[in-house]
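Student: mind looking at a prediction? Sequence and model below.
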Amino acid sequence: MPLKSLPADLFLHVVGLLEDSDRVSVLLSCKGWNAALSAAPRLMPTTVIKGFGAVVPELKDDLPNYSEYNELAVRQAAVQSQQQRARVLETAAALSPGTGRVKLTRFDDQPDMVAGVLALLPASLLSLELDTPCSGPVLAAAGRFSQLEQLAIPGNAAAIDWRMHPRAAVRRSLGYLTRLRLDCRQPEFVLENVEYEYVRCDCQPIPAALPAAVAAATRLERLAVEARWSPALVTLCDTLPPSLRQLELELLELRPDDDLPAMVVALSTLRPPLHLSLGLCTSPLGSLSGDEDEHFPPVSLPPLAGIRCLCELRLEGYVRPPPDWGQLTGLSALRLNLLSDDSLASLSYAFPNLTRLESTTRPGPGLDPKQAAQQLPRLRQLIFHNQSDMKWGRRLRELLPGLDVADLKLVQAVF
């Protein structure tokens, strides 16, 4: 049956299963679908508002009247910058009142504009993503969105003022939230010379005021946080709203002196049906970032079996597996991207509930596929790093019908 022949309710359900880019394709395919989607703002594609690069005046010191020329160039650059600011604000103000999803990006050179743009967006906004550096009273500015359900801040959430002032505005911006994603990393592009460039990441701890703000989100169901270790993370775990059902916690740039036992104690107080996804990494990027990982000291973990709601575990860099590794039988997903192969050689992989395994090395060099099939009876996705492991995985797939085996490098290239 053609998509256009579907009943309206079934059509909206199908669109709800599509990714954002696919929803744009749906709108471009048939004008008749625009009206149907307009009646469901949650399903409309995300509107993206972009900032602009810094306007740099072209100065010349080799002219006879270089002083006057440079002064004029500076003035012209200032005028161009103001004109571009005005265009961005006009774009925000011109959005339809029914706009439900907005993403701000590329405000790296104008982080102060973010709060101003928020003040012009439709008050009925349902989803907001700040994929750009921002600072100041962003949370208070978002208080206009009394129906906001999803808030994502992958652009250094640590720089935002999370204090509950004014308290009423903050509660309005958080009161309806069901999903909150916060990334406290600030990527920085570094160009050392013409032939060598890389991205350096400055990872910050969560602000001390964040736990109180999260506690105000009384309808929150999913929370994702990427940050450095700090005592505020313990406070956050102690103040999570009872409505929370999924917690994704990525502890980055771990060091041996981080108080991880205190973190484990706090996480041990959480109970199912909460689903905990825990990532631990010595790199500030959240994954292996190249040569700089060689400078990070190894981190030993405390026992983790006391965390009853732990369902997914990711260990990256020089993080050593916990001493009670064999007791983590409740795991459904496991990622091992460790630089120390010695720590993996003797590990047991008896995980009866594991459905996804992602690793840079084969589970247990002496583990044959038949033994692995017995220890991982529910495995449905297996991702390895090299071709020799892929051959081992294909043998395992013959014993576990439905198992999907993929190459880690290929997956990273696609996603």
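Tutor: Structure's in. What do you need? Numbers count the residues shown, from 1 in each chain.
Student: confirm residue 394 sits in a helix?
Tutor: Yes - under DSSP: H, G, I helix; E, B strand; the rest coil, residue 394 falls within a helix.
Student: okay, it: pLDDT?
Tutor: What the model reports as pLDDT for residue 394 is 85.
Student: the longest helix in this structure is where?
Tutor: helix 66-93 (DSSP state H).
Student: average pLDDT for that helix?
Tutor: Averaging pLDDT along helix 66-93 gives 82.
Student: that one: which residues count as buried?
Tutor: 70, 73, 77, 81, 85, 88, 89, 92 (16 or more other C-beta atoms under 10 Å). For the C-beta atoms, the positions are set from N, CA and C on the backbone; glycine is no exception.
Student: and for residue 136, nearest residue in space, chain neighbours not counted?
Tutor: Of all residues not flanking residue 136 in the chain, residue 115 sits nearest, at 5.5 Å (C-beta to C-beta, 6 or more residues apart in numbering).
Student: would you agree the one you found is in contact with residue 138?
Tutor: Yes - Residue 115 is in contact with residue 138 according to C-beta atoms under 8 Å; the separation is 5.5 Å.
Student: so between the two, which is more surrounded?
Tutor: residue 138 (22 against 19; other C-beta atoms under 10 Å).
Student: which residues touch the more buried one?
Tutor: With contact set as C-beta atoms under 8 Å, 6 or more residues apart in numbering, residue 138 has these partners: 114, 115, 118, 130, 160, 161.
Student: from residue 393, how far out is residue 336?
Tutor: Distance, residue 336 to residue 393, using C-beta to C-beta, to the nearest Å: 14 Å.
Student: so between the two, which is more surrounded?
Tutor: residue 393 (23 against 20).
Student: what's the more buried one in contact with, if anything?
Tutor: 382, 384, 403, 405.
Student: would TSV of these with pLDDT be doable?
Tutor: Output for those, formatted as TSV (pLDDT from 0 to 100):
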residue	pLDDT
382	90
384	80
403	93
405	88
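Student: which pair of the residues you listed spans the longest distance?
Tutor: 384 and 403 (12.2 Å; C-beta to C-beta).
Student: so which of these two has more stuff around it?
Tutor: The residue with more neighbours, out of residue 384 and residue 403, is residue 384; 23 against 19, by other C-beta under 10 Å.
Student: you'd agree the more buried one is up against residue 407?
Tutor: Yes - the criterion here is C-beta under 8 Å, and residue 384 meets it with residue 407 at 6.7 Å.
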